[in-house]
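1. Build me a structure from this.
(chains A and B)
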2 protein chains.
Amino acid sequence: MHATPRSPRPNPKGKLLYAQSGGVTAVINATAAAVIETCRRHKITAYAARNGILGALREDLIDTTRESPAAIRALGHTPGGAFGSCRVKLKSLEDDRAKYARLIDVFRAHAIRWFLYNGGNDSADTALKLSQLGKTMGYDIRCIGVPKTVDNDLAVTDCSPGFGSVAKYTAVSLRECALDVASMMDTSTKVFVMEVMGRHAGWIAASAGLAGVGRDDAPHVILFPERVFDAEAFLERVRQTVERVGCCVVAASEGIKYADGTFVADAHAGTDAFGHTQLGGVAPALAGLVRGKLNLKTHWAMPDYLQRSARHIASKTDLDQALAVGKAAVELALAGANAVMPVIRRTADSPYRWKIETAQLDAIANREKRLPKSFITRDGFHITAAARKYLAPLIRGEAPPPYGRDGLPEYVTLKNAAVKKKLPAFDLA
Amino acid sequence: MHATPRSPRPNPKGKLLYAQSGGVTAVINATAAAVIETCRRHKITAYAARNGILGALREDLIDTTRESPAAIRALGHTPGGAFGSCRVKLKSLEDDRAKYARLIDVFRAHAIRWFLYNGGNDSADTALKLSQLGKTMGYDIRCIGVPKTVDNDLAVTDCSPGFGSVAKYTAVSLRECALDVASMMDTSTKVFVMEVMGRHAGWIAASAGLAGVGRDDAPHVILFPERVFDAEAFLERVRQTVERVGCCVVAASEGIKYADGTFVADAHAGTDAFGHTQLGGVAPALAGLVRGKLNLKTHWAMPDYLQRSARHIASKTDLDQALAVGKAAVELALAGANAVMPVIRRTADSPYRWKIETAQLDAIANREKRLPKSFITRDGFHITAAARKYLAPLIRGEAPPPYGRDGLPEYVTLKNAAVKKKLPAFDLA
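-> Residues are numbered from 1 along each chain as shown, chains lettered A, B, ... in the order given. From the prediction side, this is the model:
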């Protein structure tokens, strides 16, 4: 009833289930579009799970064959996760046996032979566990991880689809607001702090460094989670920069910590007059520090979700790679592969070249790729030439979405027609 | 020694001085480029004052004739204020007589016959005062205000150059992050708050409303400074929206106030463990309220300067108007006009048509155009059809800057060569 491993002619009655997991990106839907289009070319029915693995557990499946070719093309330039994503991690096969059994029931009921899980480290772990269901629970499902994360912290792959676009957003935005700050520094803001994502890894903060080239170009200070935050050294660097340049633009990762391990954002969180904890961030904390200790006028920005959904300023390189991993994942699945992930291998820096290779999920699951030491300058406040060499190609090329006559990007909302349920409800609690 | 009023052939020995004032925008440099190019066509030397009116007081002038045609073209797509801006307001002629006398000294020393001040309400006031120097202090200077403000609060003109681009940035960013929120709402963020500029007028907040069309499209709630912030009503609206839609995206103006007149941002500002005042904002305050009262997971964004410097997503309509007012200002000056401002008059909504007219500065200076009552829905939480009709044309059309091979917009840094000083220093204090 299922495709023979490495079968050259996949069983057309088997279906492929695609799901999105974890924080979404500007290009995860491009991967989804590539998955669906590749399935269509191979005459395979592609279902999508609504809200990631939860949709599979709830038997809440979406029939993508109900979407028009135009809708799938538009999906390719629409940010967010069109089928819904989730932050859910399955436990071990032993600890979550009922859930794995449920997944098998759902897969069997709908003849799901291939499962593609599009996510980061945690999702690779889920995909890896599902890939073992054949061996451990007697249902032969082929499981392919598909890489995605703005954090760029996936192991093995040279970079992660989603990262190049947030890196481009960050570098472009920082270059723009630095021009703003420089215009006003004579009588207004002297220190500007832009907070970026990256709780454990400083890849996005590093990408801010691409905004400038010369010594006095912004950003003047970058703060990485890989380095302990030293308030004294930071303030001294800011003071010197303002003295020399007239202003200081800081890019700070949300995840920076004091030497004792507390997040800077948490250390400075206060309580407001209403007794609510202030939902702080690194940017207001640092701005408060600078204002308090150096008495300089500050401003700060926290783009939050704007940075990872900014499809309008996506990187063409990133988009191409998001499409390539989607296509490769389907082809791997149909060729009978299991417990693998298509990854990006860089074959040359300049001109930049890359290709898709296949990696084992167990080399990826639950690992975390931080910024190498060689990418951070000795003083801890900027990126090195090695970092620039790595990062530069990832933000290259523009891939704007089409705009409507109303001046807004034409993003699609899919029908997301539900597949008729065949099983009784399952208690997730 | 100076041009005869209404002279058909302006004196080529007279010079024009251009200055930028107040918060900068994505397109104020487009106006500057149009001013300089129009001067070049008329063979008039254009100087720029470094850091707005301060440059004139300090005799810190920039010779724009030293810039290449390519640099001036690039200026047309570079955000920020290329000559520096300032936040300085001159007092009355009586109270600041020494400064006005100094300005006359500087103007006379450099044969400045025309002064163009590119700014908002306060700058129109300064320009108006300078325009009276001929009458009151015997030096015949022609003074033209040039409109600019992201806040769109200038009187008389239908809209202000700078606003259309921040409006487009706001609507596009909100549409994008709303897709992100909707993807994750099942297991993650339910309420997202995006803070936008506009301390007294809700034009930018209103522009967020263009992101969606249907009743359940984001933004679900807009908070305007023209309405008293009612925490109970707000929370109830958020609760209902989450119940109905699954999430709630809020666009909030930085300037919203409680009934007693305190800014919401200030009311919730706390003190951190280090004794520093938390540099709060409306977004974290509202997110804290929602989390505290409704126990819903929240996220918030504060784009701050990013929104007003985002030249990469500028509105073509806005850019065209920024260019048009620059050109018109020079032509008005050379034709001998004084104490006026070129303004935008809308002649049709659909298809949108506009033209440049001339307004008296005394009808503009120190006034503030707030959002009309008819633009806000009765419940106070959204924009009306009338608002859409007004706002829609202003974000239409794309005008991306050129990108380099490095994937970044090619913004220019001018030489800004100083004009040799002819006068002793002046004590500004």
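2. hmm, who's touching whichever strand or helix holds A:Lys355?
-> Element membership of A:Lys355, judged by DSSP states H and E, is strand A:352-360. Strand A:352-360 is contacted by residues A:156-158, A:317, A:321, A:324-325, A:328, A:332, A:337, A:339-347, A:392-393, A:396 when judged by C-beta atoms under 8 Å, 6 or more residues apart in numbering or on different chains. To be clear about C-beta, it is placed using only N, CA and C from the backbone, and glycine gets the same treatment.
3. gap between it and the chain center?
-> Strand A:352-360 sits 18 Å away from the centroid of its parent chain (C-alpha atoms, centre = their mean, to the nearest Å).
4. In the helix or strand following it, which residues are buried?
-> The first helix or strand that comes after strand A:352-360 along the chain, using DSSP H and E, is helix A:385-391. Neighbour-count burial for helix A:385-391, counted by 16 or more other C-beta atoms under 10 Å in any protein chain shown, picks out A:387, A:390-391.
5. Any part of helix A:385-391 near chain B?
-> No - Helix A:385-391 does not reach chain B (C-beta under 8 Å from any C-beta of the partner chain); its nearest approach is 9.9 Å.
6. now that helix, how far from the centre of its chain.
-> Chain-centre distance of helix A:385-391: 20 Å, with C-alpha atoms, centre = their mean.
7. repeat for stretch A:195-212
-> Centre-to-centre, stretch A:195-212 and its host chain are 13 Å apart (C-alpha atoms, centre = their mean).
8. do stretch A:181-194 as well
-> Taking C-alpha atoms, centre = their mean, one finds the center of stretch A:181-194 at 31 Å from the center of the full chain.
9. thinking again about what came up before, please identify which of the buried residues of helix A:385-391 is nearest to A:Thr25.
-> Distances from A:Thr25 to these, taken as C-beta to C-beta, are shortest for A:Leu391 (16.9 Å).
10. you'd agree that closest one is up against A:Ile204?
-> No - the criterion here is C-beta atoms under 8 Å, and A:Leu391 misses it with A:Ile204 at 10.3 Å.
11. hey, what's in contact with both of the two?
-> Taking C-beta under 8 Å, 6+ apart as the contact rule, A:Leu391 and A:Ile204 both touch A:Ala167.
12. circling back to that earlier point, if you count neighbours, what's buried in the strand holding A:Lys355?
-> A:354, A:356-357, A:359.
13. okay, now A:Asp260: neighbour count?
-> 7 (other C-beta atoms under 10 Å in any protein chain shown).
14. Least confident secondary structure element in chain A?
-> The weakest-scoring helix or strand in chain A, judged by mean pLDDT, DSSP states H and E, is helix A:133-137 (a mean of 82).
15. Heading C-terminal from that one, find the next helix or strand.
-> Next along from helix A:133-137, by DSSP H and E: strand A:142-147.
16. Does the helix or strand following that following strand reach chain B?
-> Downstream of strand A:142-147, the first helix or strand assigned by DSSP H and E is helix A:163-184. Yes - applying C-beta under 8 Å from any C-beta, one finds helix A:163-184 in contact with chain B at A:168, A:171-173, A:175-177, A:179-184.
17. quick one: low-confidence ranges for the stretch 251-400 of chain A?
-> Scanning the stretch 251-400 of chain A for pLDDT under 70 picks out the ranges A:269-280.
18. so where do the helices sit in it?
-> A:264-267, A:282-294, A:305-309, A:316-334, A:385-391 (DSSP state H, counting those that start in this stretch).
19. ranking these by burial, who's on top?
-> Neighbour counts (mean count of other C-beta atoms under 10 Å in any protein chain shown) averaged over each of the helices of the stretch 251-400 of chain A peak at helix A:305-309, with a mean of 28.
20. Mind giving me the packing neighbours of that one?
-> On a contact count with 3 or more C-beta pairs under 8 Å, 6 or more residues apart in numbering or on different chains; DSSP states H and E, helix A:305-309 meets helix A:163-184, helix B:163-184, strand B:298-301.
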